[in-house]
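Novice: what's the 3D shape of this:
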Amino acid sequence: MQKAHNNKELFSNYYLEERLPDRKAWQEPDGLTQAYQEISELYEEKKDILKSTKEAQTEEEWIKPILEILGFKYITQPSESIFDTTKVPDYAFFLNDEDKKKAYKAAEDNKKTFLTSHSPSGMPSAGAGI
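Specialist: Below is the predicted model:
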């Protein structure tokens, strides 16, 4: 019988074969089979066009649908006001819609703070970075 692991003696075989499979963290997550099926179907539907898509098209046709299937909440190319950085990541991920809304709110609050702290009138001045 083929073992599902390649033990390098870090753990005992007994632990790997008997105890580990019973741990909650090692159990198959709810919805995994359904998600796998949906992603497989999406791949079959899109595989011919994915060979020739550019980055933005790949994101639209493949990446974003997978993120939706897996239940991720995200913001595409979040502004630097959300993360206080000059780099723009492709995605920011959140545990739920409430956290996503909080990120948008924080970005708006930071923008208002920036505007009022950089101009005596509270209005953006030329070259204020907005």
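Novice: quick one: I63 and Q37, what's the gap?
Specialist: In this view, I63 and Q37 are 18 Å apart by CB to CB, to the nearest Å. Every C-beta, even on glycine, is put in place using the N, C-alpha and C of the backbone.
Novice: same question but for P78, I mixed them up
Specialist: 31 Å.
Novice: between I63 and Q37, who's got more neighbours?
Specialist: I63 (15 against 11; other CB atoms under 10 Å).
Novice: Just say helix, strand or coil for that one.
Specialist: At I63, secondary structure determined by DSSP: H, G, I helix; E, B strand; the rest coil is helix.
Novice: How about F93?
Specialist: F93 - assigned by three-state DSSP - is strand.
Novice: Domain ranges for the chain, per the record?
Specialist: The chain is divided into the following domains under automatic domain parsing: 12-71, 72-130.
Novice: Columns distance to N6 on top of those domains, output as a markdown table?
Specialist: Below are the domains of the chain laid out as a markdown table (distance: least, CB to CB, whole Å):
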| stretch | distance to N6 |
| --- | --- |
| domain 12-71 | 10 |
| domain 72-130 | 31 |
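Novice: Turn these into CSV, including mean pLDDT.
Specialist: Formatted as CSV, the domains of the chain follow (pLDDT from 0 to 100):
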stretch, mean pLDDT
domain 12-71, 93
domain 72-130, 68
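Novice: right, and the ones you listed - which one's nearest H5?
Specialist: Ranking the domains of the chain by proximity to H5 (CB to CB) places domain 12-71 first, at 5.3 Å.
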